[in-house]
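# Okay, here's the prediction I keep looking at, along with the sequence it came from:
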Amino acid sequence: MKTTGRHSGRMIDHYLYSAQAADRALDEAQDTMTTDPHLPGVRPERFPDRDQAMTWFDAEYKTLISVTRLASRRGVAVRAQWLAWTTVTFLDRRGFWPDLVAVQHIALQAGWRLGDLPGQARTHRNLGRAYTRLGRNDRALDSLNKAVELSGRHGDKASEARAHLTISVIHEATDNLTDSLASNLRALELAQATSDSMLTATACNNVGYCYATLGEFAKALRYLQLAVDEHRKAGSSASLEASTWDSLGYAYHQLGEYARATDSYLRALALFSEIGASYLHSQTLGRLGDTYQAVGDMRAAVDAWEHALNILADLAHPDEGQVREKLRQARAAPTG
């Protein structure tokens, strides 16, 4: 990408403020980002809805990564950091996790140069999310523990809570369910101290899901209902609402209430599809297939698992093997 010094500042700001607007259109529930006014003469893009924002990101994300590198090379560290943050939701939903890791390392270097501890904490949380998606749990925990430390040092309870929420996912993925619950309960305690309804809803959802995995279904449903109540207080957020419906589906399945589980999963799928969250869509499809299997509808189960497998194959995700095994066993089972 060739630019002159005179024009590069305006180009960087065009992409930064356009990406910021697109990012907010994708998910209003995410962390806020405060930026300086853009340079005179810059006319950022505007996005009336999520679909247009996603379409713009699909067309421009490679350029955004190049512009982030350019800002870093030109010594505009704060804009390099901001640019990197604007791509997180899009890259995560599309499953472009290696790109997410690469661009957050640019942000981390910028944060070091700026001496920005809150910014470094945010970037470490982003890296933790990306490494978790890639199944690199040791790297994820290193980043997330650093985020907890930095957030604690500057007293940012919301940032610390978000780090604990992702740590809980790693513990759950490695069958450390008690540690996962402890991380989620700590996140909930911190979230409630911030009076952030969306963050509290997320933590309630995660606590409820943990209790369901531990077989404590009365507690699970109580916390999941609290999550629903917090959603209503905070206003609708498709990503958070979808996760709660997915958790409710899991709890109802474990209780043998398969009709309610199916309904909950279908609600989650509609929302994940709406926001383009491919990986989360695949996870819910896998669980929906389990519910169809439990009621003896193997055709529907296989359809759900095949759909999940197609998504995971496109993402080259390690969960692909588990779904392939479910399909192998289903196809090997005697019929009639």
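Arrived safely, thanks for sending. Since this is a predicted model, take the numbers as computed values, not measurements. Numbers count the residues shown, from 1 in each chain.

# in the stretch 101-250 of the chain, which spans are helices?
117-133, 137-153, 157-173, 177-194, 197-213, 217-234, 238-254 (DSSP state H, counting those that start in this stretch).

# how about CSV for those helices, with distance to Leu70 added?
Placement of C-beta: from N, CA and C, glycine included. Shown next, in CSV, are the helices of the stretch 101-250 of the chain (distance: least, CB to CB, whole Å):
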stretch, distance to Leu70
helix 117-133, 18
helix 137-153, 25
helix 157-173, 28
helix 177-194, 35
helix 197-213, 33
helix 217-234, 37
helix 238-254, 30
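
# Thought Thr123 was touching Trp112, still the case?
No: using CB atoms under 8 Å, Trp112 is not in contact with Thr123, being 9.7 Å away.

# With neighbour numbers in mind, choose between these two.
When neighbours are counted by other CB atoms under 10 Å, Trp112 and Thr123 differ, and Thr123 comes out ahead with 29 against 13.

# Can you give me every residue that contacts the more buried one?
Thr123 makes contact with Gln81, Ala84, Trp85, Gln104, Ala107, Leu108, Gly111 under the criterion CB atoms under 8 Å, 6 or more residues apart in numbering.

# Find the helix or strand that the second one is a member of.
Under the criterion DSSP states H and E, the helix or strand holding Ala84 is helix 77-86.

# Nearest to the spatial middle of this structure, which residue is it?
In the chain, the centroid-proximal residue (CA atoms, centre = their mean) is Asp92; its distance is 6.2 Å.

# In contact with that residue, which residues?
Contacts of Asp92 by CB under 8 Å, 6+ apart are Leu100, Arg129, Ala130, Arg133, Tyr279.

# on that earlier part again, residues in contact with the helix holding Ala84?
Contacts for helix 77-86 (CB under 8 Å, 6+ apart): 12-13, 15-16, 19-20, 22-23, 31, 33, 35-36, 64, 67-69, 71-72, 103-104, 106-107, 109-111, 113-114, 116, 119, 122-123, 126.

# Just the buried subset of the residues you listed, please.
Among these, those scoring as buried are 12-13, 15-16, 19-20, 22-23, 64, 67-69, 71-72, 103-104, 106-107, 109-111, 116, 119, 122-123, 126 (criterion: 16 or more other CB atoms under 10 Å).

# For Gly41, give me its contacts.
Contacts of Gly41 (CB under 8 Å, 6+ apart): Arg10.

# where's it relative to Ser66, distance?
21 Å (CB to CB, to the nearest Å).

# which two of the contacts of Thr123 lie the greatest distance from each other?
Maximum pairwise distance among the contacts of Thr123 (CB to CB): 11.3 Å, between Trp85 and Leu108.

# Of the two, which one has the most company?
The neighbour count for Trp85 versus Leu108, taken as other CB under 10 Å, is higher for Trp85 (25 against 21).

# Could you report the pLDDT at that one?
As predicted, Trp85 sits at a pLDDT of 97.

# What of Ala220?
pLDDT, Ala220: 96.

# what do you get for the one 10 residues further on?
The pLDDT attached to Glu230 in the predicted structure is 83.

# what about it, how many residues close to it?
Residues within reach of Glu230, counting by other CB under 10 Å, total 23.

# ok, now how distant is the closest residue to Glu160 other than its chain neighbours from Thr202?
Excluding the flanking residues, the one nearest Glu160 by CB to CB, 6 or more residues apart in numbering is Ser151, at 3.8 Å. Relative to Thr202, Ser151 is positioned 16 Å away (CB to CB).

# got it, and Asn310?
As defined by CB to CB, Asn310 lies at a distance of 28 Å from Thr202.

# So those two - more neighbours on which side?
It is Thr202, of Asn310 and Thr202, that has more neighbours when counted by other CB under 10 Å, with 28 against 14.

# Please name the nearest non-neighbouring residue to the more buried one.
Leu240 (5.8 Å).

# Can you get me a residue count around the one you found?
Leu240, neighbours per other CB under 10 Å, totals 21.

# who's in contact with stretch 272-282?
Stretch 272-282 is contacted by residues 26-27, 50, 54, 92-95, 133, 238-239, 242-243, 246, 269, 284, 307-308, 311-312, 314-315, 317, 319, 323 when judged by CB under 8 Å, 6+ apart.

# what's the helix or strand harbouring Glu325 packed up against?
Assigned by DSSP H and E, Glu325 belongs to helix 320-332. Helices and strands touching helix 320-332, by 3 or more CB pairs under 8 Å, 6 or more residues apart in numbering; DSSP states H and E, are helix 278-294, helix 298-315.

# In that helix, which residues are buried?
Glu320, Val323, Lys326, Leu327, Ala330.

# so how far is Leu288 from the closest residue to the fourth one other than its chain neighbours?
In other words, Leu327. Excluding its sequence neighbours, the residue lying closest to Leu327 (CB to CB, 6+ apart) is Trp305, at 5.2 Å. Distance of Trp305 to Leu288, computed by CB to CB: 9 Å.

# Can you give me the neighbour number for the closest residue to Phe90 other than its chain neighbours?
Leaving aside its sequence neighbours, Phe90 sits nearest to Phe57 (CB to CB, 6+ apart; 4.2 Å). By the other CB under 10 Å criterion, the neighbourhood of Phe57 contains 25 residues.
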